[in-house]
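Asks: A predicted structure for the sequence below; I have some questions about it.
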Amino acid sequence: MVGWSISGVPAGFLGNCSGLKKQERPRCVQPQAVASDVRADDTAEARRRLARQFRRHKLEPQPAALPAAELRNQGLRPRPQFLQGTNLQDPQEAWLAASKRCFSFGSPSSRDLAQWLWCLAKRGVRPNGQWMASFQVASFRQMTAADSQDLSNMLWALATLGISPDPAWLQQHLREMSRRQQQRSLPQHLANVGWALAKLGHRPDRDWLAKYQEDVLAALPGFKPQEISNVLWALAVLNSKAEKRLLEQCQAFMAARLASFKANEVAVSLWALARLRGQPDLRLMGAALQHCFSQARQLTPKGLSMLMWSVGNMEIPPPKAWVVKLLVATQVRMQGFSAQELSTLAVSLARLEYRPPQAWLDAFAAAASEQMGNFGAQALANTLWALATLHYTPHEDWMTAFDAQLQQHVSSCTPAHIAMTLWAMSSLQWLPQQPLWQQLQERAELHSASYCLRSQRMLSRAVRVLEKVEAEDA
């Protein structure tokens, strides 16, 4: 269970809330272990202190707010002019201002608060930092009265809007959610909470995750396919240590109800099981892939890349027929893949040591060329390493564009990225232009102590080959 002493709420709680911004690449954070005993007088004092801070610094006295019931009705069943009129800004701002006044001067229930935020998330309306500050104060007051549905809806809405809540608010939320889990939360609530935590990049402590998995296991018969795929995805993204029994039961669930899974749900589940080291057996894997192939038009590029990754990371070599069908499905949709998805495709095939037909590789190179500006350091290194492993030599224009993109990310390359890139360049007999070549050499020398003996030898050979190419060009 997540412990948190409310008496230790940081003074900057509301100041942090007012500057909330959308996180582009959230990172998982381990909460610090703190005391779990919370006294009633501490809770009341913390709420009063937060309310005083907010009223003093964040909100000027305003006329009485709209009744909570009216705001809720507007949120769940908006009138035609709400967020849909010719001038969207006015009704939207009026609604947000009215609800914010109600936070401070009214008495909204936890259900009211959850429904308002849920409505904003459904409509894609991202409130400003001041509204979120007032919302967090009001919802903090009502947190102990909220049920699992309210708690899961609030966290789901925040993750959908891309808003990371204040750490103190999130810790209290997890603590209350853990209490509700003792009363057996519904599968939908468990799935929403797990998905939201992964989306926000917040990894709870080990005890909380262990309890969460126990509750998922207990409620597993009531899960829907999408909910179980969301739970597996969340555990994989949070890099959790999944219980062996849970993975086995999830595989049994998939085998028994495979026909009710959508193709992308199967792809996500297989990917997550592979990441969690719960590799399905060949029989389930074959049935799952056949199910996906029968719904190939429903597979998104992300789903296809996940399937390819799952097949590429199997503990035993998969049948070539599976790979061939995946190649056919990906080649038809190649132009719709993102930079990361293209990189995943190439790396998966390289790990399988299966060289696709030349036409597939040409189509891949063309799609990668169009997405080159979106490649990051890791995707660049992985893609070039994969192409070199597959013995495919891109055109000179492609490599020139690759160098230009790598030049922008060379400072963020890890030792592994440098080693993979230089090895691939030496295999392709491609000498990068200055100053990129010099920067790669300098970073390789800087991180030389970080490489294992095998990587050092590989890197030394790669540098010698490229130096020889440089001497020949001179």
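Replies: Perfect, I can see it now.

Asks: so residue 192 makes contact with residue 151?
Replies: No. Using C-beta atoms under 8 Å, residue 192 is not in contact with residue 151, being 9.3 Å away. Glycine gets a C-beta too; all of them are placed from N, C-alpha and C.

Asks: neighbour count winner among the two?
Replies: residue 192 (27 against 24; other C-beta atoms under 10 Å).

Asks: surely the more buried one is within a strand?
Replies: No. Read with DSSP: H, G, I helix; E, B strand; the rest coil, residue 192 is helix and lies in no strand.

Asks: OK, contacts around it?
Replies: 152-153, 155-156, 230 (C-beta atoms under 8 Å, 6 or more residues apart in numbering).

Asks: can you rerun that using 10 Å?
Replies: Taking C-beta atoms under 10 Å, 6 or more residues apart in numbering, we find residue 192 in contact with 148-149, 151-157, 159-160, 185-186, 227, 230-231, 234.

Asks: how about residue 442?
Replies: Per C-beta under 10 Å, 6+ apart, neighbours of residue 442: 410, 418, 435.

Asks: residue 439 is in contact with residue 412, correct?
Replies: No. Using C-beta atoms under 10 Å, residue 412 makes no contact with residue 439, being 12.0 Å away.

Asks: between the contacts of residue 442, which has the most around it?
Replies: Counting by other C-beta under 10 Å, top hit in the contacts of residue 442: residue 418 with 27 neighbours.

Asks: what mean pLDDT would you report for the helix or strand harbouring that one?
Replies: For residue 418, the element it lies in under DSSP states H and E is helix 415-427. Helix 415-427 comes out with an average pLDDT of 93.

Asks: before we move on, back to that, neighbour count winner among residue 412 and residue 439?
Replies: residue 439 (17 against 10).

Asks: buried sites along the helix or strand where residue 464 lies?
Replies: Using DSSP H and E, residue 464 falls within helix 453-473. Buried residues in helix 453-473, counted by 16 or more other C-beta atoms under 10 Å: 455, 458-459, 462-463, 465-466.

Asks: need the residues that contact it.
Replies: If you take C-beta under 10 Å, 6+ apart as the criterion, helix 453-473 is touched by 415-416, 418-427, 429-432, 434, 437, 440-441, 444-445, 447-452.

Asks: please redo it, this time with the cut-off set to 6 Å
Replies: If you take C-beta atoms under 6 Å, 6 or more residues apart in numbering as the criterion, helix 453-473 is touched by 419, 422-423, 426, 429, 431, 444.

Asks: mind listing what's buried along stretch 432-444?
Replies: 432, 436-437, 439-440, 443-444.

Asks: among those, which are located in helices?
Replies: Counting by DSSP state H, the buried residues of stretch 432-444 place 436-437, 439-440, 443-444 in helices.

Asks: show me the two of those that sit farthest apart.
Replies: The most widely separated members of those, counting by C-beta to C-beta, are 436 and 444 (12.4 Å).

Asks: now do residue 124 against residue 193, distance only.
Replies: According to C-beta to C-beta, to the nearest Å, residue 124 and residue 193 sit 21 Å apart.

Asks: neighbour-wise, which of the two wins?
Replies: Shown here are residue 124 and residue 193; by other C-beta under 10 Å, residue 193 has more neighbours (30 against 9).

Asks: I'd assumed residue 151 was in contact with the more buried one.
Replies: No. Counting by C-beta atoms under 6 Å, residue 193 does not reach residue 151; the two are 7.4 Å apart.

Asks: and the nearest residue in space to residue 165 that is not next to it in sequence, how many neighbours?
Replies: Leaving out its chain neighbours, the residue that sits closest to residue 165 by C-beta to C-beta, 6 or more residues apart in numbering is residue 158, at 5.7 Å. Residue 158 has 24 neighbouring residues, counting by other C-beta under 10 Å.

Asks: re earlier: can you tell me which of the ones in helices among the buried residues of stretch 432-444 is nearest residue 135?
Replies: Closest to residue 135, out of all of these and judged by C-beta to C-beta, is residue 443, at 45.4 Å.

Asks: one step back: please flag which of the contacts of residue 192 sit within helices.
Replies: 148-149, 151-157, 159-160, 227, 230-231, 234.

Asks: in the stretch 51-200 of the chain, which spans are helices?
Replies: 68-76, 89-105, 110-123, 129-141, 148-161, 167-181, 187-200 (DSSP state H, counting those that start in this stretch).

Asks: quick one: the ones you listed as TSV, columns for mean pLDDT and distance to residue 371 too.
Replies: Listed next are the helices of the stretch 51-200 of the chain as TSV, based on pLDDT from 0 to 100; distance: least, C-beta to C-beta, whole Å:
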stretch	mean pLDDT	distance to residue 371
helix 68-76	42	39
helix 89-105	66	35
helix 110-123	87	29
helix 129-141	87	33
helix 148-161	94	26
helix 167-181	87	35
helix 187-200	95	24
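
Asks: so which of these gets nearest residue 374?
Replies: Of those, nearest to residue 374 by C-beta to C-beta is helix 187-200, at 20.7 Å.

Asks: distance between the helix or strand that the closest one is followed by and the chain's centre?
Replies: As assigned by DSSP H and E, the chain's next helix or strand after helix 187-200 is helix 206-219. The chain centre lies 20 Å from the centre of helix 206-219; the measure is C-alpha atoms, centre = their mean, to the nearest Å.

Asks: nearest spatial neighbour of the most centrally placed residue in the chain, chain-adjacent residues omitted?
Replies: With distances taken as C-alpha atoms, centre = their mean, residue 199 lies nearest the centre of the chain, 4.4 Å away. The shortest distance from residue 199 to any non-neighbouring residue, by C-beta to C-beta, 6+ apart, is to residue 159 (3.9 Å).

Asks: ok, that neighbour - contacts?
Replies: 196, 199-200.

Asks: just put those residues in JSON lines and tack on distance to residue 112.
Replies: Formatted as JSON lines, the contacts of residue 159 follow (distance: C-beta to C-beta, whole Å):
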{"residue": "196", "distance to residue 112": "20"}
{"residue": "199", "distance to residue 112": "24"}
{"residue": "200", "distance to residue 112": "23"}
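
Asks: of the residues you listed, closest to residue 246?
Replies: residue 196 (19.4 Å).

Asks: that closest one is in contact with residue 156, isn't it?
Replies: Yes. Using C-beta under 6 Å, residue 196 makes contact with residue 156 at a distance of 5.0 Å.

Asks: if we can go back for a sec, now the helices of the stretch 51-200 of the chain in a markdown table, with distance to residue 369?
Replies: Shown next, in a markdown table, are the helices of the stretch 51-200 of the chain (distance: least, C-beta to C-beta, whole Å):
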| stretch | distance to residue 369 |
| --- | --- |
| helix 68-76 | 46 |
| helix 89-105 | 41 |
| helix 110-123 | 37 |
| helix 129-141 | 40 |
| helix 148-161 | 34 |
| helix 167-181 | 42 |
| helix 187-200 | 31 |
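
Asks: residue 349 belongs to a helix?
Replies: Yes. Counting by three-state DSSP, residue 349 is found in a helix.

Asks: what about it, how many residues close to it?
Replies: 26.

Asks: one more: residue 336?
Replies: 13.

Asks: got it, and residue 233?
Replies: 22.

Asks: repeat that for residue 131.
Replies: Residue 131 is flanked by 22 other residues according to other C-beta under 10 Å.

Asks: alright, that wraps it up for me.
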